[in-house]
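Participant: what follows is a predicted structure for the sequence shown.
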Amino acid sequence: MTNTNNTQKFENVQDRLAIPRQTVPKRTPTERVNNFEETYLPLQMDMAIVEASRCIDCPSAPCISACPVHNDIPGALKLLETGDIVGAANKFRETSTLPEMCGRLCPQESLCEGDCVVGFAIRPDGIKQPPVAIGRLESFVTDSQRKEIGGFPTPTPQQTTGFRVAIIGSGPAGLTVAEELQLRGHQCTIFDMWPEPGGVLRYGIPNFKMNKELLESKLSSLQKLGLHFVNNTKIGVDITLKELHLDHGYDVIFIGTGAGVGNLMRLEGEELQHVYQATDFLVRGNLKPYELPQEQQEQPYIGKNVVVVGGGDTSMDCVRTAIRLGAERVICVYRRTENEILGRAEERVHAKEEGVKFLYLTTPVRFIGDENGQVKQVELIRMELSQPDESGRRRPVPIEGSNFMVDASSVAIAIGYGPDKEFVESAPFESNQWHLVEVNSRTGQTNIPYVFAGGDAINGADLVVTAIADGKRASTWLHSYLLGLEKK
């Protein structure tokens, strides 16, 4: 597969700009709603090379700056254009620990692709073309590399230093810190409260966005590096940070617990049966029983009519999961217009293709139950947007007397996430009013010298790639801290 000669030469920028964006194949909506397979299909080699050839290798390379981990995107695409799949994949791996996943999960339209010059270049024919499909190409080359070499590449760690590192949370920040430090010779152990490792990559991402076999393969490669995983362990309850450090001999600790606690609406009826928080709904609907605690192993009740509250990517995960679990009607309720939604447009497109109905400028007032305490209806009210506030966003306000009812056999609430308040309040490090861990912005170090933090635990709910970037930065400073201990 590597170094194929089936390439076309493009002599100048205008030749490259004349190439139309290649259509990325995906499953039809009819096929998608009947399974949990990934929506997008793999690219073909010839198509990937043509798409990579659209890159004009501009000197400023704004795509690199727009990427939180600063992938050398032009360098990778240049290698792909020549057919060097392994070289292109390794170019992405120079800066990212999880490029396969970033290619699938990043909102490229607002990051690298959003700054791609090809997307707004002036062409002789005056026809506007979309930017280079960077995300799909990142997935393609790294998937192809794994297929070619039989799994993730596993570098050889440096000679062991004797230092032990405890990482709390096995999401993208924790996995990145663990991999980076294990390669530097430090023995890393990742603790997680869930039965299986992976954090948000397992418990927050449905299979139709990323097949879990990819995660399992990555975890297997990390175990080959010598990483240890300890699951079903809640730090602060089963064992404290102080005990990890003093009694169990961990020289340094990294907090990567994320922000996985769903926000509450605090409305009447929110406690009714079959009213779920988004994470609970998604893990029950997407994962196998062995991956879940005993109390969450039963699938969510769906019934005929599912209402999902919220407009972001998690909401789209919920509505698309509900469709796949057999709901006859799925309604997504959002209090602003579609223009104000911060989630990915392509996720809403997929949801609409799959039959989801959207009610914009609408919000719940209360959830109504039957005689058995199960939700049966949602009372909604129409909204209108006021003038922009100090943040620049127009605030939704209710329209008096516009209330109406919709039937609901099940409800999923997806209105944002925050950190685990109980864990943060029980820990000895400093936190802010939103229960985010306070750290030195340059080093990721907390007020406790041997405790560092990164990812959503310090930023609030954010992207996989920003968690990776945090993990990269923190691992550098963690390594320096451990080397400092060695000198004492």
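Facilitator: Arrived safely, thanks for sending. Residues are numbered from 1 along each chain as shown.

Participant: any chance you could map the strands in the stretch 101-250 of the chain?
Facilitator: 164-168, 187-191, 228-230 (DSSP state E, counting those that start in this stretch).

Participant: okay if I get those as TSV plus mean pLDDT and mean neighbour count?
Facilitator: For every residue, glycine as well, the C-beta is placed using N, CA and C. Compiled in TSV, the strands of the stretch 101-250 of the chain are given as follows (pLDDT from 0 to 100; neighbours: other CB atoms under 10 Å):
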stretch	mean pLDDT	mean neighbour count
strand 164-168	98	26
strand 187-191	98	23
strand 228-230	98	17
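
Participant: I'd like the ones you listed laid out as JSON lines, including distance to Val330.
Facilitator: Formatted as JSON lines, the strands of the stretch 101-250 of the chain follow (distance: least, CB to CB, whole Å):
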{"stretch": "strand 164-168", "distance to Val330": "36"}
{"stretch": "strand 187-191", "distance to Val330": "36"}
{"stretch": "strand 228-230", "distance to Val330": "36"}
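
Participant: quick one, which of those is nearest to Arg473?
Facilitator: strand 164-168 (14.8 Å; CB to CB).

Participant: for the closest one, packing partners?
Facilitator: Contact here means 3 or more CB pairs under 8 Å, 6 or more residues apart in numbering; DSSP states H and E; on that basis strand 164-168 packs against helix 172-183, strand 187-191, helix 241-246, strand 252-255.

Participant: what comes into contact with the longest one?
Facilitator: The set of residues external to helix 172-183 that reach it, using CB atoms under 8 Å, 6 or more residues apart in numbering, is 97-98, 101, 155, 157-158, 165, 167-168, 188, 190, 192, 199-201, 218, 222, 225-227, 254, 256, 258, 454-457, 464-465, 467-468, 470-472, 474-476, 478-479.

Participant: and if we set it to 6 Å?
Facilitator: Here helix 172-183 makes contact (CB atoms under 6 Å, 6 or more residues apart in numbering) with 97-98, 155, 157, 165, 167, 188, 190, 225-227, 254, 256, 454-455, 464, 467-468, 470-471, 474-475.

Participant: and for stretch 206-218?
Facilitator: 36, 38-39, 100, 104, 151-152, 198, 201-202, 286, 317, 321.

Participant: list the buried residues in it.
Facilitator: 206-212, 214-215, 218 (16 or more other CB atoms under 10 Å).

Participant: do stretch 360-378 as well
Facilitator: Buried residues in stretch 360-378, counting neighbours by 16+ other CB under 10 Å, are found at 360-369, 374-378.

Participant: what's the answer for stretch 320-337, then?
Facilitator: In stretch 320-337, counting by 16+ other CB under 10 Å, buried: 320-325, 327, 329-336.

Participant: okay, it in PDB with CA atoms only?
Facilitator: Provided in PDB are the C-alpha atoms of stretch 320-337 (Å, rounded to 0.1, in the frame of the first residue of the first chain):
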ATOM      1  CA  ARG A 320     -29.400   9.200  16.700                       C
ATOM      2  CA  THR A 321     -29.100   6.500  19.400                       C
ATOM      3  CA  ALA A 322     -32.800   6.700  20.100                       C
ATOM      4  CA  ILE A 323     -33.600   6.100  16.400                       C
ATOM      5  CA  ARG A 324     -31.300   3.100  16.300                       C
ATOM      6  CA  LEU A 325     -33.000   1.700  19.500                       C
ATOM      7  CA  GLY A 326     -36.400   1.700  17.700                       C
ATOM      8  CA  ALA A 327     -38.100   5.000  18.500                       C
ATOM      9  CA  GLU A 328     -40.900   5.800  16.100                       C
ATOM     10  CA  ARG A 329     -40.600   9.600  16.600                       C
ATOM     11  CA  VAL A 330     -37.600  11.500  17.900                       C
ATOM     12  CA  ILE A 331     -37.800  15.200  18.600                       C
ATOM     13  CA  CYS A 332     -34.900  17.400  19.500                       C
ATOM     14  CA  VAL A 333     -35.800  20.500  21.500                       C
ATOM     15  CA  TYR A 334     -33.500  23.600  21.500                       C
ATOM     16  CA  ARG A 335     -34.100  27.000  23.000                       C
ATOM     17  CA  ARG A 336     -32.300  29.000  20.400                       C
ATOM     18  CA  THR A 337     -32.300  28.800  16.600                       C
END
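
Participant: what pLDDT is listed against the nearest residue to Asn372 once chain neighbours are set aside?
Facilitator: Of all residues not flanking Asn372 in the chain, Gln273 sits nearest, at 7.5 Å (CB to CB, 6 or more residues apart in numbering). pLDDT for Gln273: 98.

Participant: quick check: bridge partners of Gln273?
Facilitator: Counting by DSSP bridges, Gln273 is bridged to Gln374.

Participant: what about the nearest residue to Pro293 once chain neighbours are set aside, neighbour count?
Facilitator: The shortest distance from Pro293 to any non-neighbouring residue, by CB to CB, 6+ apart, is to Pro195 (6.5 Å). Pro195 has 18 neighbours, counted by other CB atoms under 10 Å.

Participant: many thanks, I have nothing further to ask.
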